[in-house]
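S.K.: With the sequence up front, the predicted model follows.
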Amino acid sequence: MALEAGPGVEPALRSASGRLPFSGIRWVAPHQYHFTLKFLGETPDDRIAGARQAVERAAERTPPFDLALEGLGAFPPAGPPRIVWAGCGKGRDALISLAGAVEEAFGEAGFPEEPRPFSPHLTIGRVKDPRGVPGRPFREALERGASAPFGTVAAREIVLFRSDLSPKGPTYVPLVRAPLGEPAVRPAS
């Protein structure tokens, strides 16, 4: 369950990797940039219809918004990094509200609640070899990019994805696209 970043921010986010020239990071392919709103994990086929309805309900409850991407960071915030991310500026509260609507709609559909609080970020890289990401130089490079602007995401729809895993990383296959602020249109039966 995600909000895609869209093509408008790809060039600036690609340049972010140039700010962090460390060999141990595997960069996310730009066409796969997205904000994870809820991770479902393995979902039985008989639960997909409920997930589709939850996506539509969450989208219907949330008006479209614009989200500024800015700043670089890493998880965890101290120690060896595992994830490199771009942060959120203006529109951050709307993204948090959208994640809350998603959580609520999936709860109504009987899906388990996410145990961790939502942390608005866009994963742009994963550390695959910590030896290629020396601590102090990496953290200093992050500090230099702490307020870098990366453009604006036009949040107009949310997407329920299926992840197909391979040694090259995940491939995301959209199952449902639901426009924000609009009731779902279902075919007449």
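M.R.: Alright, I've got the coordinates. Numbering: from 1, shown residues only.
S.K.: When you work out contacts or count neighbours from here on, use the C-alpha atoms and nothing else.
M.R.: Fine.
S.K.: Quick check: buried residues in the top strand by length along the chain?
M.R.: Determined from DSSP state E, the single longest strand within the chain is strand 65-75. By 16 or more other C-alpha atoms under 10 Å, the buried positions in strand 65-75 come out as Phe65, Leu67, Ala68, Leu69, Glu70, Gly71, Leu72, Gly73, Ala74.
S.K.: Partner strands of that strand, with direction?
M.R.: Here strand 65-75 has these sheet partners by DSSP bridges: strand 83-88 (antiparallel), strand 149-155 (antiparallel).
S.K.: Low-confidence stretches in the chain?
M.R.: 184-189 (pLDDT under 70).
S.K.: tell me the centre residue of this structure?
M.R.: In the chain, the C-alpha closest to the average C-alpha coordinate belongs to Phe35, at a distance of 1.4 Å (C-alpha atoms, centre = their mean).
S.K.: give me the beta-bridge partners of it?
M.R.: Assessed by DSSP bridges, Phe35 has beta-bridge partners Leu3.
S.K.: I'd say it and His121 touch.
M.R.: Yes - with contact defined as C-alpha atoms under 8 Å, Phe35 counts as touching His121 (6.5 Å).
S.K.: Just checking the distance from stretch 18-25 to the centre of its chain.
M.R.: From the chain centre to the centre of stretch 18-25 is a distance of 21 Å (C-alpha atoms, centre = their mean, to the nearest Å).
S.K.: Go through it and flag the buried ones.
M.R.: Using 16+ other C-alpha under 10 Å as the burial criterion, the residues of stretch 18-25 that qualify are Leu20, Phe22, Gly24, Ile25.
S.K.: now the longest helix along the chain against strand 149-155, angle please.
M.R.: Ranked by number of residues, the top helix in the chain under DSSP state H is helix 92-108. Angle, helix 92-108 to strand 149-155, by axes from the mean of the first three to the mean of the last three C-alpha atoms, to 10 degrees: 40 degrees.
S.K.: Which elements pack onto helix 92-108?
M.R.: helix 48-60, strand 65-75 (3 or more C-alpha pairs under 8 Å, 6 or more residues apart in numbering; DSSP states H and E).
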